[in-house]
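Participant: here's my sequence, what's the structure:
(5 chains)
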Amino acid sequence: MDEIRIISKPLSDTTKTVLIGFPGSGLVGSIALQYMVDQLEFPQIGSVTSKYFPPLAMMTRGIINIPVRFYEKNNLAVVVGDIPIHPMICYEVASGLLDWFSQFKPKEVLTIAGIVTNEPEKRVFGVATNPEALQRIQDKTMILPIGSISGIAGSILTECKIRDIWGLGLLGETVNNPDPRSSAATIQVLNKMYDLKLDVGPLVEQAEEIEAAMQRIAEEVQTTEAGQKKEQLPMYG
Amino acid sequence: MDEIRIISKPLSDTTKTVLIGFPGSGLVGSIALQYMVDQLEFPQIGSVTSKYFPPLAMMTRGIINIPVRFYEKNNLAVVVGDIPIHPMICYEVASGLLDWFSQFKPKEVLTIAGIVTNEPEKRVFGVATNPEALQRIQDKTMILPIGSISGIAGSILTECKIRDIWGLGLLGETVNNPDPRSSAATIQVLNKMYDLKLDVGPLVEQAEEIEAAMQRIAEEVQTTEAGQKKEQLPMYG
Amino acid sequence: MDEIRIISKPLSDTTKTVLIGFPGSGLVGSIALQYMVDQLEFPQIGSVTSKYFPPLAMMTRGIINIPVRFYEKNNLAVVVGDIPIHPMICYEVASGLLDWFSQFKPKEVLTIAGIVTNEPEKRVFGVATNPEALQRIQDKTMILPIGSISGIAGSILTECKIRDIWGLGLLGETVNNPDPRSSAATIQVLNKMYDLKLDVGPLVEQAEEIEAAMQRIAEEVQTTEAGQKKEQLPMYG
Amino acid sequence: MDEIRIISKPLSDTTKTVLIGFPGSGLVGSIALQYMVDQLEFPQIGSVTSKYFPPLAMMTRGIINIPVRFYEKNNLAVVVGDIPIHPMICYEVASGLLDWFSQFKPKEVLTIAGIVTNEPEKRVFGVATNPEALQRIQDKTMILPIGSISGIAGSILTECKIRDIWGLGLLGETVNNPDPRSSAATIQVLNKMYDLKLDVGPLVEQAEEIEAAMQRIAEEVQTTEAGQKKEQLPMYG
Amino acid sequence: MDEIRIISKPLSDTTKTVLIGFPGSGLVGSIALQYMVDQLEFPQIGSVTSKYFPPLAMMTRGIINIPVRFYEKNNLAVVVGDIPIHPMICYEVASGLLDWFSQFKPKEVLTIAGIVTNEPEKRVFGVATNPEALQRIQDKTMILPIGSISGIAGSILTECKIRDIWGLGLLGETVNNPDPRSSAATIQVLNKMYDLKLDVGPLVEQAEEIEAAMQRIAEEVQTTEAGQKKEQLPMYG
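Facilitator: Next up is the predicted model:
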């Protein structure tokens, strides 16, 4: 807990599922889960900071938000990140998160990420840490014969497997821009798995607006990581 | 307290507000608060050093000053920095400062920074860590619908939010040069918030002179960080 | 055990030989030992993770695998890695592995690697940490008059020599692409040493398919190490 | 004392002044104080090493010298460095030195450095950590209205100010080559302050010879820091 | 002993001299002492490893050797390195070695290095940590009026001086290629100092062969340090 700092309420006894989404390709995971917690009004229960995170605070209508947040409702815990996790710290972040969640004996941890293909479809590919877990999504996703998952999603699944926690991965087919349509596709899988009845219509409509904002953030994170010192705020006024 | 070293008198029991300004875009925050403590004759109560700071000592009329200083007067504590905080250490500096100030149970921490826009105006944008705090500045600043704050200001607001301390941010519209005019605009907001009655006229007049000196310092810090070994002193004699 | 994390069942009392293969030139060692454990149905007994490993999870038919794995059967322990070990951490990985295996008093540790020559042959060169050990392979491999071994194989042999554990190295002549044919040549040596009766026919047949997949993984690892943030999955569907 | 290693006899009870000179611009400080300890035959009382120093041993007539040395005589302690202190370690070196000297309750610490101007004169500029200290040199040096001091001299003055030890700085106007003439000018100030009656004639005469040698050393230090592995010795034989 | 790991038998009570040679310019030191221990059949008594060493194992006729080795015979202890010591770790290696040898109260430590000159001669230059030590070699070497020694030889001599152990340096005039002829010149000095009666004829004859192999190793170390992952073995078969 030295590498990352988790300040959160404990999970309720009945919460046995953790959903995790960080911004990767297409920002698929973070867009999907932020949309879910907003639409279903999940209350925020905690925050994560780290000396390894870029110095960045998100802001909406003047209110600051912490870049990595915990939410909980209806026996589902959700982790949403606004900042991409640098490969150098994926291990620390993944093991730090799993260390914290392990104390609540979760049954399954599901992470959402994007996979870049050069095809126009928005398929969702499924991976799991063991055959039983894979059955949970086998009929709802496409299974790949062979491949690899890099970044924070790969680290989370590795930490799940090491701890004998069921790890699931939903990988939305995407391109290298913010891609709410791919996020919507992954939400359709969540709807089937957790009976969320979440309407993705607004998400698709908001696509353009969200894309524009998230893109600016991604650019800013990069310049911040590049070690430049500037305070900058996108303008809408 | 390993990363940064704070040597200071404790705050008085009645001081519940901390103002923080470091040199970011336009040096808005550091110019504004240095001007304020000079004009209102705030006594210095402490200093901050860190192995992560560039080796640099400021000098005025032959007297050396420590690059990051604490001042206190009239129930206001002020932190002024002469050196930009590198993104790699924003977390350490922000959490170190908040750790120290937390012991005095501050009611609000306000940080001043600059935001670069390509518009000639000198508006001041307001952000806060919660709606109640935002109300403090809602009628005195412009509120942005969405965006992000990077650098030390972002880290300070994040640390405030995590600690449930009211965090406020004043972001002066600026360009990428020392910008006392933007600093003056943020002081006008401070005047309303804290009834300082601080005349910004001299600040605007001093603009040219201050700009020239601060610019040289900024350049020197950069060359120092670039790892060059030289002792250099701007000449006025 | 801080640098690398080993989660494994203990070795059986009768297991006195450890075979180690990581992806180096031609991926000779990892292809050979992965093929061996698959064909001879070695059960996996453990996993290795490290904050120094790139964030990467391998996947086969939707099931995630940990990049460095322990297997054991018939008095043979096997370590297979899917990820190249960066020179900066070879010492940590090699000493961490030997620290762990030393508790089971192994008689010999054999590592398989590739050596790039500009010759079409697929000879296998033998090295050992002492003359007695060398005799084990003298008649089954070619002995070089002088030279050096770099990378994880070099570190493993060094750690063996320091601990007075017999260290053996099989270096398959290879090129700079995945090279199952060279792996097959090293397996022929293992067949003689450990009476494995392992048919390399399928390996040679699978060559093309395996080459393609491993190559993609190697490329991905490199881009991951290059510090890029993307989630990507090769497509076969 | 982990960052730097000080091996020295304690200061005598009557020594309350410490003079410090490291090679900066013009090598002003190191040339001046090396000349002083040589001419006034100060015995060496200690040495400083650090894992952060470049691996370099100075040599005179076949005898090796440690790159950073302590001398003491007539109630004056002197620190002379042969190696420039990299900005990354100025904090460690300055705080390590002040930690050690603090135990002897010094009254004042004076550091000599060079300042690059584009003027032919050899003026000496004075800075101090407080007005009382400044009076010590006000009539013997030029006082600058505003500016900054970077590098080890800036760090030393910062550490003095934090510890409430009188810190003084003599900044000899110089160019970017070894500059014994500027060193001579700073010695003239020391003569007045400490009644040394030190003749700078020989220093000026030796200028050419010293310049040549120091220049070669500076070059070598740079190549060493550049991470090159070579053993090289300037030739005079 | 955290930085470097020494696994060795203790020195015999009568051994009061330590000879040290690492590969620097011309590989003068390592060639000279490896030749000496081979010709005089010094038994190896220990090994040194470090996480800071490049991952590399030397091999002769199929037998692996540890890159840094201790030998002892006839009251002489010898340290021979096959790998250049990077400037960043010279301090750790030198202080680690001296810490270990200090427990045996050595009378003198002699290090052999090369110095690059642009002259065809093969002179040997002598340096020492004090005048008494210098007398040991004054009539057998050339003494330089002024200069400096960088790299591991400089660090070793510095550590000797700090510990009040006699430190001696033999610097063989060389070029930037493996240079057994310069090594031979330094051995002639050792012959006089320690009455070794060591014939350097074979060394000169072997020059070409040794040069070729050492050169390949040096190149490989560099590529290894460059962070490339490859297993490569020079071919002679």
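Participant: what's the top helix by length along chain A packed up against?
Facilitator: Longest helix in chain A by number of residues (criterion: DSSP state H): helix A:201-225. Under the contact definition 3 or more C-beta pairs under 8 Å, 6 or more residues apart in numbering or on different chains; DSSP states H and E, helix A:201-225 sits against helix A:28-39, strand A:56-60, helix A:180-194, strand B:146-150. Quick note: C-beta positions are derived from backbone N, CA and C, even for glycine.
Participant: what would those look like in CSV with mean neighbour count and distance to residue E:36?
Facilitator: As requested, these are exported to CSV (neighbours: other C-beta atoms under 10 Å in any protein chain shown; distance: least, C-beta to C-beta, whole Å):
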stretch, mean neighbour count, distance to residue E:36
helix A:28-39, 25, 64
strand A:56-60, 22, 60
helix A:180-194, 22, 69
strand B:146-150, 25, 61
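Participant: what comes into contact with stretch A:204-219?
Facilitator: A:23, A:27, A:30-31, A:56, A:58, A:82, A:84, A:177-181, A:184, A:234, B:146-148 (C-beta atoms under 8 Å, 6 or more residues apart in numbering or on different chains).
Participant: try 7 Å
Facilitator: By C-beta atoms under 7 Å, 6 or more residues apart in numbering or on different chains, the residues outside stretch A:204-219 that reach it are A:23, A:27, A:31, A:82, A:177, A:178, A:180, A:181, A:184, A:234, B:146, B:148.
Participant: so among those, where is pLDDT lowest?
Facilitator: When those are compared by pLDDT, residue A:234 scores lowest at 36.
Participant: between the helix or strand of chain A with the lowest mean pLDDT and strand B:146-150, how many degrees?
Facilitator: Within chain A, confidence by mean pLDDT, DSSP states H and E is lowest for helix A:201-225 among all helices and strands, at a mean of 73. Using axes from the mean of the first three to the mean of the last three C-alpha atoms, to 10 degrees, the inter-axis angle of helix A:201-225 relative to strand B:146-150 is 20 degrees.
Participant: what about helix A:201-225, distance to the chain center?
Facilitator: Computed by C-alpha atoms, centre = their mean, to the nearest Å, the chain-centroid distance of helix A:201-225 equals 15 Å.
Participant: and of the helices and strands packed on helix A:201-225, who's closest to residue B:100?
Facilitator: Residue B:100 lies closest to strand A:56-60 among those, at 20.4 Å (C-beta to C-beta).
Participant: now chain A, which segments are flagged as low pLDDT?
Facilitator: A:1, A:208, A:210-211, A:214, A:223-237 (pLDDT under 70).
Participant: please redo it, this time with the cut-off set to 90
Facilitator: A:1-3, A:26, A:56, A:58, A:88, A:117-122, A:144-148, A:175-179, A:202-237 (pLDDT under 90).
Participant: residue A:51 against residue B:92, yeah?
Facilitator: Yes - if you go by C-beta atoms under 7 Å, residue A:51 and residue B:92 touch, sitting 6.3 Å apart.
Participant: report the contact partners of residue A:81.
Facilitator: Residue A:81 sits in contact with A:21, A:22, A:23, A:30, A:67, A:68, where contact means C-beta under 7 Å, 6+ apart.
Participant: what do you get for residue A:17?
Facilitator: A:75, A:76, A:77, A:106, A:107, A:108, A:110.
Participant: rerun at 10 Å
Facilitator: By C-beta atoms under 10 Å, 6 or more residues apart in numbering or on different chains, the residues touching residue A:17 are A:11, A:74-78, A:106-110, A:166, A:168, A:193-194.
Participant: can you narrow those residues down to the ones near chain C?
Facilitator: Here is what survives when the contacts of residue A:17 are matched to chain C using C-beta under 10 Å from any C-beta of the partner chain: residue A:168.
Participant: the contacts of residue A:17, buried ones only, as a ChimeraX selection?
Facilitator: Of these, the buried ones can be selected in ChimeraX as follows, counting by 16 or more other C-beta atoms under 10 Å in any protein chain shown:
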select /A:11,76,77,78,106,108,109,110,166,168,193,194
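Participant: now, which of the contacts of residue A:17 lie within strands?
Facilitator: Assignment to strands by DSSP state E places the following of those there: A:76, A:77, A:78, A:108, A:109, A:110, A:166, A:168.
Participant: what's the farthest-apart pair in those residues?
Facilitator: A:78 and A:166 (16.8 Å).
Participant: looking at chain A, which residue is nearest chain E?
Facilitator: residue A:88 (14.6 Å; C-beta to the nearest C-beta).
Participant: using the three-state scheme, assign that residue.
Facilitator: Secondary structure assignment for residue A:88 (DSSP: H, G, I helix; E, B strand; the rest coil): helix.
Participant: wouldn't it be in contact with residue C:51 here?
Facilitator: Yes - if you go by C-beta atoms under 10 Å, residue A:88 and residue C:51 touch, sitting 8.8 Å apart.
Participant: adding distance to residue C:212 and secondary structure, write the contacts of residue A:81 out as CSV.
Facilitator: Below are these laid out as CSV (distance: C-beta to C-beta, whole Å; DSSP: H, G, I helix; E, B strand; the rest coil):
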residue, distance to residue C:212, secondary structure
A:21, 31, strand
A:22, 30, coil
A:23, 30, coil
A:30, 32, helix
A:67, 38, coil
A:68, 37, strand
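Participant: mind putting those residues in TSV, distance to residue C:206 included?
Facilitator: Below are the contacts of residue A:81 laid out as TSV (distance: C-beta to C-beta, whole Å):
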residue	distance to residue C:206
A:21	37
A:22	35
A:23	37
A:30	39
A:67	45
A:68	43
